[in-house]
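S.K.: Starting from these lines, generate the structure:
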Amino acid sequence: MPAVPGIVITVADPDLQPEPGIAVRKNALYADAVRRQGGEPIVLDATSTDIERHAAFATMAGLLLTGGADIDPARYGRPNHGSVNLEAERDALEAEAYTAASARGVPILGICRGFQAINVFSGGTLLQHVDGHVGPGWGHGPAKEHALRLVPGSRLARILSPTNPRAGATTVNSYHHQAIRATDLAPGLTASAWAASPEGDLVEGFEAVDGRFLLGVQCHPERTESTPDSFERLWRFFVDACRGPIASR
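M.R.: Coordinates of the predicted model:
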């Protein structure tokens, strides 16, 4: 893999969002996080052409699936019971990107919607609404926060707390109204973090059972003003993994 890995980032089409200017700023945060650690962002949205997609997928060293609208519940075989702002074109883009990244064996990281998308694409389901995990929208006030319980010894715990991988808790921002319960988790994924909710414990971090670099977190670590400094190691670890196995050791 190259010293400057090209990382595909799938984002929301700003023109489809209620606040296009804020959507542009949100999208930029993901690219900034990748660039900050030495990666080269390759940003795609639902308007990207087939030529642009194929070129990006053929050369990508990693894939970042980002936050945004709810995934169509038809993709996991359920009727709509609370899913909103569906974007079928984005679902299709990210399914295509995920399939291509999996076939190439490159690292994959999912953030919020991207975390949920990985679970759906891997055969899991979603809880379509959970109370208490959405505060003011980004750019409209302080983030809602809640405690996150790390699974001791998990890859996520080792990344966030390398000197004490059995550390148990941190605090994260919370911008989601859909969630993953233990019963929703796809085969091949294992929980690496949990959070309490009125629906019981929710999976808020997962990783692949087989050890490949496939990670997801429900929080938004690109929003550094409401994220513990330790999450910068997640970005560094991801970009280093995209450089290849030697760099990520």
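S.K.: my guess is Val84 contacts Asp72, does it?
M.R.: No: applying CB atoms under 8 Å, one finds Val84 not in contact with Asp72, separated by 11.0 Å. To be clear about C-beta, it is placed using only N, CA and C from the backbone, and glycine gets the same treatment.
S.K.: Mind checking which of these two has more residues around it?
M.R.: Shown here are Val84 and Asp72; by other CB atoms under 10 Å, Asp72 has more neighbours (17 against 11).
S.K.: and that one, what is it in contact with?
M.R.: Ser83, Leu86, Ala88, Asp91 (CB atoms under 8 Å, 6 or more residues apart in numbering).
S.K.: Try it again at 7 Å.
M.R.: Leu86, Ala88, Asp91 (CB atoms under 7 Å, 6 or more residues apart in numbering).
S.K.: gap between the worst-scoring helix or strand of the chain on mean pLDDT and the chain center?
M.R.: The least trusted helix or strand in the chain, going by mean pLDDT, DSSP states H and E, turns out to be strand 169-173, with a mean of 89. Computed by CA atoms, centre = their mean, to the nearest Å, the chain-centroid distance of strand 169-173 equals 16 Å.
S.K.: Tell me the helices and strands packed up against it.
M.R.: Here strand 169-173 touches strand 145-150, going by 3 or more CB pairs under 7 Å, 6 or more residues apart in numbering; DSSP states H and E.
S.K.: in the strand it packs on, what's buried?
M.R.: His146, Leu148, Arg149, Leu150 (16 or more other CB atoms under 10 Å).
S.K.: Any figure for the gap between Tyr175 and Thr227?
M.R.: 11 Å (CB to CB, to the nearest Å).
S.K.: in stretch 9-28, what counts as buried?
M.R.: So for stretch 9-28, counting by 16+ other CB under 10 Å, buried means Ile9, Thr10, Val11, Ala12, Asp13, Pro14, Leu16, Gln17, Ala23, Lys26, Asn27.
S.K.: which one is His129 nearest to, not counting chain neighbours?
M.R.: Setting aside the residues directly before and after it, His129 is nearest to Gly82 in space (CB to CB, 6 or more residues apart in numbering), at 3.6 Å.
S.K.: and if you look at Asp70?
M.R.: Closest to Asp70 by CB to CB, 6+ apart is Ser83, at 4.2 Å.
S.K.: ok, that neighbour - how many residues close by?
M.R.: 19.
S.K.: could you pull out the helices for this protein?
M.R.: 20-36, 50-59, 88-104, 113-121, 155-160, 232-243 (DSSP state H).
S.K.: Of those, which is nearest Ala191?
M.R.: helix 155-160 (9.5 Å; CB to CB).
S.K.: for the closest one, packing partners?
M.R.: Under the contact rule (3+ CB pairs under 7 Å, 6+ apart), helix 155-160 is packed against strand 145-150, strand 189-195, strand 202-208, helix 232-243.
S.K.: still on that earlier bit, I'd like the helices of the chain as a markdown table, with mean pLDDT and distance to Val203 appended.
M.R.: Listed next are these as a markdown table, based on pLDDT from 0 to 100; distance: least, CB to CB, whole Å:
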| stretch | mean pLDDT | distance to Val203 |
| --- | --- | --- |
| helix 20-36 | 95 | 22 |
| helix 50-59 | 97 | 28 |
| helix 88-104 | 97 | 18 |
| helix 113-121 | 98 | 8 |
| helix 155-160 | 94 | 11 |
| helix 232-243 | 97 | 17 |
